[in-house]
Each structure stands twice: as C-alpha cells, then as structure tokens.
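# Sequence plus predicted model, see below.
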Amino acid sequence: MKILLMLSCLFFFSACSSPEKKEQQPEKVITDFLNWYKDNMHSLGKIELVNNSNNATYDSTKFYAVNFDSTEKYLTAFKNSGFVSDKYIDQWRQYFKRCDDQFKKNPQNDGPATGFEFDFVMWSQDYEDDLNNLAKINFSDKEIKTDQCIVNVIFSSGMKIKYWLTLESGKWLIDDIQNKAN
C-alpha cells in the first residue's frame, strides 16, 4: 500500500511540475503546420484542382472547371494533418464553389486559372525560400481570448500572414490563414 501511495504521489508531482502545458502554444502549432506543409506541398501540388489547367492534359477547346473530387482529396490531406479545423476545410469548400461559379459565368481556358494563381497556405507565388527558412519566422501581435487566438507571422522575406486558431479539446487548430495585407 505504501508503495502504491508513493508511486501515486510521484506521478502527481511529476505531472504538476512538468514545464509543458496541456496544450501546445499556437506558435508551435503554426510552425509544425508549416513544416508539415513544406514536407507535403509537392504531393499536394500534383492534385489537379482545376480541370484543363494541367499542361499535360490541356485542351484549348475546353474551359476551366473546379475538380471537386480533387479538391476533396486536397482538403482531406489538410484535415488529416491534424493542424486545421473543420471551419478551415469548410471555408475552402466554399471558396472552390465560388471559383467554379465564376468559371461558369466567365469561361476561361487560357493563363492561370483565376482564383488558383497563388499558394493557398502561403498566399503567394514566391514562397519556397520562406518555407525553407522556418527557423527565421517571427511571431507578433498575438491575441488570445480563452479559446480563440490570432497570430501574425512575419517570414524571412518580410511577407506577413495572419493565422486564426481555435482551441478544441486542448489542441489549437488553424481556422483561417490570410495574407496580412488583406
């Protein structure tokens, strides 16, 4: 009985004195997410989100259209990363629907597909150096309100991106990412 009591006390005190908090800090979640993205961006980039936009399958007689089977595959990869919320996924589903509606209103088959001419995580066309220098990112203007957080991230190139996160079941999840200039 004494041994059980001693082991219980030891476990209790080691848990209480642990320097780690129950949940990860939002900055660590953002950094881990960006590392996940850096490791997966090439495979994600192979997913053809817009029909007829791939040079290998391009047909000048056809117009662009959102490939919803592919967008679901793309969004599933993000959801399975464990870093984004359902809100993040739903916002992108709505975005892809709006883009498809625009393709129907304004048929396009030349040049970059409108709405798809930038990276959806980095909000830029030129971002690889920033992803390769994640150790140099700075966090500024963090606002935490109970279970919601906004964090501004400044990359080594000077690019600024804002992240909105929500605390769900003790874990911060990304709800939205926007270019800070927007």
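Alright, I've got the coordinates.

# helix/strand/coil for the most centrally placed residue in the chain?
Nearest to the mean C-alpha position of the chain, counting by C-alpha atoms, centre = their mean, stands residue 121 at 5.4 Å. Assigned with DSSP: H, G, I helix; E, B strand; the rest coil, residue 121 falls in the coil class.

# repeat for residue 62
Secondary structure, three-state DSSP: residue 62 is coil.

# how many other residues sit next to it?
A total of 12 residues lie near residue 62 under the criterion other C-beta atoms under 10 Å. Using the backbone N, CA and C atoms, a C-beta is placed for each residue, glycine as well.

# Same question for residue 29.
By other C-beta under 10 Å, the residues close to residue 29 number 22.

# element containing it, please.
helix 26-45 (DSSP states H and E).

# what's the answer for residue 142, then?
Per DSSP H and E: residue 142 is located in strand 138-145.

# which other residues reach that strand?
The contact list for strand 138-145, computed with C-beta atoms under 8 Å, 6 or more residues apart in numbering, reads 26, 27, 30, 149, 150, 151, 152, 153, 154.

# Next, the angle helix 26-45 makes with that strand.
110 degrees (axes from the mean of the first three to the mean of the last three C-alpha atoms, to 10 degrees).

# ok, residue 87 - how many residues close by?
Using other C-beta under 10 Å, residue 87 has 15 neighbouring residues.

# ok, for it, nearest residue in space, not its chain neighbours?
residue 175 (4.5 Å; C-beta to C-beta, 6 or more residues apart in numbering).

# and the angle for whichever strand or helix holds that neighbour with helix 26-45?
If you go by DSSP H and E, residue 175 is part of strand 171-179. Strand 171-179 and helix 26-45 meet at an angle of 70 degrees, taking the same axes, to 10 degrees as the criterion.

# Strand 171-179 - contacts with which helices or strands?
helix 26-45, helix 86-105, strand 160-168 (3 or more C-beta pairs under 8 Å, 6 or more residues apart in numbering; DSSP states H and E).

# can you pull the alpha-carbon coordinates of that strand into CSV?
This file holds the C-alpha atoms of strand 171-179, laid out as CSV (Å, rounded to 0.1, in the frame of the first residue of the first chain):
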residue,chain,number,x,y,z
LYS,A,171,-5.4,21.5,-29.1
TRP,A,172,-5.1,24.6,-31.2
LEU,A,173,-6.4,24.2,-34.7
ILE,A,174,-6.0,26.6,-37.6
ASP,A,175,-9.3,28.2,-38.7
ASP,A,176,-8.1,30.6,-41.3
ILE,A,177,-4.9,31.9,-43.0
GLN,A,178,-4.8,35.2,-44.8
ASN,A,179,-2.2,37.5,-46.2
